[in-house]
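> Predicted structure and sequence below. I'll ask about it afterward.
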Amino acid sequence: MFQNVDPKTLNLNPFAAIGDQWMLITAGTKERCNTMTASWGGLGVLWGAPMATAYIRPQRYTKQFVDENEYFTLSFFSEEYRPQLSLCGTKSGRDMDKVKECGFTVAEGAGGAPYFEQAELVLVCRKRMAMPMDADAMPANVKDKWYKGDYHTMYWGEIVEALQKV
């Protein structure tokens, strides 16, 4: 069971939660969605609102779901779900039903955004802006280390609902 909480009350270290524990970016509908694991992103305030950033490469299947929908979710899980998060980061929804394979139960948040009942925390985000990364503005060592021409699109999502497991 989830409780709707004010994002300002979350006891969350985004560096550990995103960078070390990972999150799932999910978009679509309860009936048809796709998800992917991410270890890049951020949480903060922009335009006077709680905001999340997510970064998606062009070849990721989830990108089309985020592009086609107004809402997406960021879901955070306990360590016991590491194998499922690993699968969602290495397999494509084009080739398999990752939700079914992971045994996740899809629920619906604000704006019809899909999330998983197995999560500990879900941030429902309303897409406010998307912008491809500018390769010319990147330091050469970053480009060389992290890219082969497949630059991420940056998504800003206003956190319209924070759901915490009780």
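Okay, I see it.
> Skip the chain neighbours and tell me the closest residue to Leu46.
Trp156 (6.4 Å; CB to CB, 6 or more residues apart in numbering). (C-beta placed from N, C-alpha, C; glycine too.)
> Give the rounded mean pLDDT of the helix or strand hosting that neighbour.
Taking DSSP states H and E as the criterion, Trp156 maps to strand 153-165. Mean per-residue pLDDT for strand 153-165: 98.
> helices and strands around it, which ones?
strand 2-5, strand 49-56, strand 71-76, strand 121-132 (3 or more CB pairs under 8 Å, 6 or more residues apart in numbering; DSSP states H and E).
> quick one on the thing from earlier: number of nearby residues for the residue nearest to Leu46?
Neighbourhood size, Trp156 [other CB atoms under 10 Å]: 20.
> how near is it to Gln164?
Trp156 is 22 Å from Gln164, where distance means CB to CB, to the nearest Å.
> Excluding chain neighbours, what is closest to Thr105?
Glu117 is the one closest to Thr105 (CB to CB, 6+ apart), at 4.3 Å.
> Please tell me how far that neighbour sits from Asp95.
24 Å.
> check contacts around the residue nearest to Thr105.
Contacts for Glu117 (CB atoms under 8 Å, 6 or more residues apart in numbering) come out as 104-107.
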